[in-house]
Structures are given as C-alpha cells and as structure tokens.
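Peer 1: Predicted model and sequence below, questions to follow.
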Amino acid sequence: MFKRVKKILIFLILAAVLIVLGVISFTVFFDQAVIVRRGTIYRVPSSEKVVALTFDDGPSPDWTPKILDALKEENIKATFFMLGKHVEEYPDVARRVAAEGHEIGNHTYDHHVLFYYKAEELDKEIRDAQAAIYKATGITTKYFRPPKAWLTRDEKKQIKEMGYQTILWSLNSKDWVTFHDKQITAYLLRHIRPGDIILFHDSGGVFYPEGGNRKQTVKTILRLAGKLREKGYRFVTISELLNLREKNGKP
C-alpha cells in the first residue's frame, strides 16, 4: 500500500513539473512566434546605433528601485510600462521613475490578456491605468503595451483612436524565466540591431505580474551597458527612438 501511494505521489509531482514546463515553453514560443506586429511599433531601423530599454509590470517596491539605481549608475534613460494597480499600491516608486527622467507608458490596470476583450472592458483597463499613473506622477501616457502583446485588429484600432501608440519589442530578454545575467547578456549581444526595443521586467514571475526575482535583470543592465557602449551604442527612450524615425523621414 505504501509503495503504491509513493508511486502515485511521484507521478503527480512529475505531472505537475511537466505542466509548469509546458506552460513556460508555450508562453515563450507564443511570445516570439505568434505576435501580430502589424499596426504596432516594435523596432525603429536606424543608421544610428541606438537601443531602447523597456520594463514591464511595475512598479515594484523590491526591484524597481534597484533597477533605477543601475540605470542611474550607467546614465541610461528607459521606458517603464506600468500597471495601474501597482501604481496605486506603490505611488512613491512611480514618482521616483518619473522624477529621474524615465518615460512612463500604460500597461493596463490589471495585466489581463486583452485578446477579444469587449470594447468597454478594454477602454476601462486603459483609462483606469492612466488615472492611477496621472494621480501618482502627473503624467498623461501616450504609449501603450498590451500584456503578452495579444491584440485583435479591432483592439489595435480602438487603442489608436484613444490616442495611444502601441509599443511592442524586437528583443525579449526573457528575464522572468532566465536566471543568469550572463545568459541574458550573451543572447542580447548576439541579436542586437540598431533601433531595437528590448523587453525587461521590473516585477512579476512566471504566472503573475507580482513578485518575481529581478536580480538577474539588475546585473544584466550593468553588464550590457558597458558591452553595448564598446560597440558604439547609446540608450534612448521610446520617444527619442520615434523622434529618430521622424528625423529620418519615416512615418
């Protein structure tokens, strides 16, 4: 009887592990392979060696300040796509992001996947996030990033009519699932191109936009900054990147 119970427990544990690994693998694959980029901005090809660092899911009282410290040490301005509920919970952290000259974008209020949301539900997610951001920082956001980058054609149209530009990314650091900064840095250096938008996170774990460990993200910033500057790159915000596009005569 004991052996039978033991075998069942082992089977259940293995099954749970396989399910978790399957979800992670699917999310990473979907993230890279099925995102519909038409009608969004995910990179700005440029003759200048520029790259934009972006951070999703914050602010976090644990990791956003450490990321800000690293950015300040390297004299980098970045763009933070914030969740309204986190801004409401940690307004002082959001204010620090703004005070240190970083850009703030809208990442919805709750971090729900928006695919096939009703128009009024999408409107509420964006407006509630904007209200929280404005209350904490006085900033009216103009850039929007959907959770998981999942949007329908009608949703993209609605977001544009609300006055937002949808910003995705061309390089995903996968810092929420990759646990070593050397791995992340090596991957980014292999694939970086002028005008890339890199996705990082200042909050969130595998399944939830809260919690998570961003030690590897902080270390990657410090490691990547020097490596890219050696290659002649400089760091810009999303607005600065889009200004370069206009400067080069591209719509």
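Peer 2: Perfect, thanks for sending it.
Peer 1: ok, now which ones touch residue 239?
Peer 2: The neighbours of residue 239, taking CB atoms under 8 Å, 6 or more residues apart in numbering as the test, are 79, 103. No exception for glycine: its C-beta is placed from N, CA and C like everyone else's.
Peer 1: you'd agree residue 197 is in a strand?
Peer 2: Yes: applying DSSP: H, G, I helix; E, B strand; the rest coil, one finds residue 197 inside a strand.
Peer 1: Wait, it touches residue 172, no?
Peer 2: No: the criterion here is CB atoms under 8 Å, and residue 197 misses it with residue 172 at 10.0 Å.
Peer 1: Buried residues of whichever strand or helix holds residue 121, list them for me.
Peer 2: Assigned by DSSP states H and E, residue 121 belongs to helix 119-137. Residues of helix 119-137 classed as buried: 122, 125-126, 128-130, 132-133, 136-137 (neighbour count, 16 or more other CB atoms under 10 Å).
Peer 1: Whichever helix or strand comes after that helix - what's its average pLDDT?
Peer 2: The helix or strand immediately downstream of helix 119-137 is strand 143-144, counting by DSSP H and E. On average, the pLDDT along strand 143-144 is 98.
Peer 1: Identify the residues contacting the helix or strand following strand 143-144?
Peer 2: Per DSSP H and E, the first helix or strand lying C-terminal to strand 143-144 is helix 153-161. Applying CB under 8 Å, 6+ apart, the contact partners of helix 153-161 are 39-40, 114-115, 117, 119, 122-123, 126, 144, 146, 151, 166.
Peer 1: Mind putting those residues into TSV with distance to residue 106?
Peer 2: Converted to TSV, those look like this (distance: CB to CB, whole Å):
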residue	distance to residue 106
39	17
40	14
114	12
115	17
117	15
119	17
122	12
123	12
126	6
144	5
146	10
151	13
166	10
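Peer 1: quick one: which of these is nearest to residue 75?
Peer 2: residue 144 (27.3 Å; CB to CB).
Peer 1: does the closest one have beta-bridge partners, and which?
Peer 2: residue 106, residue 166 (DSSP bridges).
Peer 1: Could you measure from it over to residue 112?
Peer 2: Separation of residue 144 from residue 112 (CB to CB, to the nearest Å) stands at 14 Å.
Peer 1: which residues touch the closest residue to residue 73 other than its chain neighbours?
Peer 2: Computed as CB to CB, 6 or more residues apart in numbering, the closest residue to residue 73 that is not its neighbour in sequence is residue 222, at 6.9 Å. Counting by CB under 8 Å, 6+ apart, residue 222 touches 70, 73-74.
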